[in-house]
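Undergrad: sequence first, predicted coordinates after that:
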Amino acid sequence: MRLTLEEMVTKAVENRGSDIHLVYGLPPKYRVDGQLVNIQDEPLTHEDCEYYGETLAGDMFKQIEHIGELDLARTIAGERCRINLFRQQNECSTALRVLSNKIPKIEQLGLPPLVAQFPTWQKGIVLVTGETGSGKSTTLAAILDQINHTRYEHIITLEDPIEYIYTPDKCVVNQREIGKDTESYYNGLRAILREDPDIILIGEMRDNATIETALTAAETGHLVFATLHTNSATDAVDRIVGTFPADRQPQIRLQLSTTLNAVLSQQLLLRKSGKGRVCACEAMYVTAAIRNLIREGKTPQMESAMLSSANQGSISMDNSLINLVKNGSISSETAVMAANNRDYVKANVGGFVGGASARTQMAGMGSSKPAQSSIPGARPAGSIPGARPMGSGQPMGGARPMGSGQPMGGARPMGGAAPMGGARPMGSGQPMGGARPMGGARPMGSGQPMGGQGSIFKH
């Protein structure tokens, strides 16, 4: 029995489904918490797939024969849906995403506090990045809707297709769809500059012509929001610069360094309860130091600069994951699998591997006493004769450090130089000289996000 599109969308909504997939030879499926589940067990026939495609596309269905795919948006069973129809092995397939009818508030999304500043900015570029299905559109909709309710200005969006529908409040809102209202992002964006906008949303910066026009828009005093498919803030900068030939890149780096305000990088992860997903988010506020690094092409150093600006709202993806574990939103295993630096995250979250805490798994690290062996006369596991245990402030058996002519406890390091500022040994939890790293950050493994911040997510 063939289900109607209305029946499938209704069932997906009732079961918290996000995407519906209709593929020849397979049962119709929807995605719940990242996993595909059958809507019914009966596989779809050729006639079923053609029927669904024609019903959704109407007169535009013939375009698929020529170009192979089609993007559109429809309201089905009272739900706004983003749809992509495409041909595969001469069969019509459908990927349908069910969107929320209600645009959420920024504070409901569990984003870093820095995001609350975005609707107040007057000019510049804000990038929201992440893989497909990471919540970029929802984040941007929440930001624009807050502007709509708090400022008296003109918002123009370029989308492919239009997803969330804004009801104009204090702002004038124009939403343009690629392929229907304008031919391309480039043409639409070029025209926008003659339409007296204050805020511009670019659904995706796909080519260097669009990127260059967006930079020009920001330079001329507009606030521009855009998305990219990258996994980190530093990758976003490299992606933008890398779309241009080498002889143009210095100019683009200069423009980007003067217009970029912030980069938000998102991923959605399964909650610890197994029901629902939560957003892990890296936020980079572009400080003067980061602007210099962008201009000089030193993007590998941007992550360190971002960590040192935690007091201005920046947070790395790894520290975001640590916060989500500590407030009980996700499991330690999920955090480690999603991390950029897995060793750092593993060392800073409890409950990893069979529920054992990080301290239990790394016996002796950071403690004043080494782990005890049950074998009489045996040394502690991993110990070296005459060496200090990691984290210990006391020498073992009066051992001398390498190259030293003095016993430990007044020992001089290699070369006879005095230790810096009474530095502590490795594992003591304090950096050399008793000082904290840049930005007041704690050393890796301290269990706190860099910058001395506690959890800055609200759920």
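TA: It's in.
Undergrad: shaky segments in this protein?
TA: 351-459 (pLDDT under 70).
Undergrad: can you list contacts of whichever helix in the chain runs longest?
TA: Ranked by number of residues, the top helix in the chain under DSSP state H is helix 136-150. By C-beta atoms under 8 Å, 6 or more residues apart in numbering, the residues outside helix 136-150 that reach it are 99-100, 103-106, 108-109, 111, 115, 118-119, 126, 128-130, 153, 155, 157, 163-164, 166-171, 173, 199, 201, 225, 227, 264, 266. C-betas here are computed from N, CA, C, even on glycine.
Undergrad: which of those residues fall within strands?
TA: If you go by DSSP state E, the contacts of helix 136-150 have V126, V128, T129, I155, T157, V173, I199, L201, F225, T227, L264, Q266 in strands.
Undergrad: OK, contacts around the residue nearest to the fifth one when sequence neighbours are not counted?
TA: So that's T157. Spatially, and ignoring its direct neighbours in sequence, T157 is nearest to L201 (4.0 Å; C-beta to C-beta, 6 or more residues apart in numbering). Neighbour list for L201: L140, L144, I155, I156, T157, L158, E159, V224, F225, A226 [criterion: C-beta under 8 Å, 6+ apart].
Undergrad: which parts of the stretch 151-300 of the chain are strands?
TA: 154-159, 172-177, 199-202, 223-228, 260-270, 277-285 (DSSP state E, counting those that start in this stretch).
Undergrad: returning to that earlier point: list the buried residues for the longest helix of the chain?
TA: By neighbour count with 16 or more other C-beta atoms under 10 Å, helix 136-150 contains the buried residues 136-148.
Undergrad: repeat that for stretch 116-127.
TA: Neighbour-count burial for stretch 116-127 [16+ other C-beta under 10 Å]: F118, P119, K123, G124, I125, V126, L127.
Undergrad: excluding its backbone neighbours, what's nearest the last one?
TA: It stands for L127. V263 (4.6 Å).
Undergrad: same question, the fourth one
TA: With C-beta to C-beta, 6+ apart as the criterion, G124 has its nearest non-adjacent residue at 3.9 Å, and that residue is N261.
Undergrad: could you measure from that neighbour over to M302?
TA: 15 Å (C-beta to C-beta, to the nearest Å).
Undergrad: what does A116 give?
TA: 23 Å.
Undergrad: ok, E91 touching E47?
TA: No. At 10.9 Å, E91 does not count as touching E47 under the criterion of C-beta atoms under 8 Å.
Undergrad: which of these two has more neighbours?
TA: E91 (16 against 10; other C-beta atoms under 10 Å).
Undergrad: can you pull the contacts of the nearest residue to the more buried one once chain neighbours are set aside?
TA: For E91, ignoring the flanking residues on the chain, the nearest one in space by C-beta to C-beta, 6+ apart is Y24 at 3.9 Å. With contacts defined as C-beta under 8 Å, 6+ apart, Y24 is in contact with L44, T45, H46, D48, C49, Q89, E91, C92, S93.
Undergrad: L44 contacts H21, doesn't it?
TA: No. Taking contacts as C-beta under 8 Å, L44 lies outside contact range of H21: 10.0 Å.
Undergrad: I'd guessed E42 sits against P27; true?
TA: Yes. Checked against C-beta under 8 Å, the pair E42 and P27 is within contact range at 6.2 Å.
Undergrad: residue contacts, the residue nearest to G124?
TA: Contacts of N261 by C-beta under 8 Å, 6+ apart are F118, W121, G124, I125, V126, Y285, V286.
Undergrad: how near is it to R291?
TA: Taken as C-beta to C-beta, the span from N261 to R291 is 10 Å.
Undergrad: repeat that for H149.
TA: 31 Å.
Undergrad: rewinding a little: so what sits opposite the residue nearest to L127 in the bridge?
TA: Bridge pairing for V263 (DSSP bridges) gives the partners L127, M284.
Undergrad: and it, how many neighbours does it have?
TA: Neighbours of V263 using other C-beta under 10 Å come to 27.
Undergrad: what sits against it?
TA: Here V263 is in contact with V126, L127, V128, T129, A233, A236, V237, E282, A283, M284, V286 (C-beta under 8 Å, 6+ apart).
Undergrad: which of the residues you listed lies closest to N341?
TA: For the contacts of V263, the closest approach to N341 (C-beta to C-beta) belongs to E282, at 12.3 Å.
Undergrad: thought that closest one was touching A233?
TA: Yes. In this structure, E282 is within contact of A233 by C-beta under 8 Å, at 5.9 Å.
Undergrad: is the nearest residue to Q122 once chain neighbours are set aside bridged to anything, and to what?
TA: In space, and not counting its chain neighbours, Q122 is closest to L223: 6.2 Å by C-beta to C-beta, 6+ apart. Using DSSP bridges, the beta-bridge partners of L223 come out as G124, I199.
Undergrad: since we're on L223, how many residues are nearby?
TA: 25.
Undergrad: so it makes contact with Q117?
TA: No. Using C-beta under 8 Å, L223 and Q117 do not qualify as a contacting pair, with a distance of 11.9 Å.
Undergrad: what sits in contact with each of those two?
TA: With C-beta under 8 Å, 6+ apart, L223 and Q117 have no common neighbours.
Undergrad: tell me where the stretch 51-200 of the chain has helices.
TA: Taking DSSP state H, counting those that start in this stretch to define them, one finds helices in the stretch 51-200 of the chain at 63-67, 136-150, 185-192.
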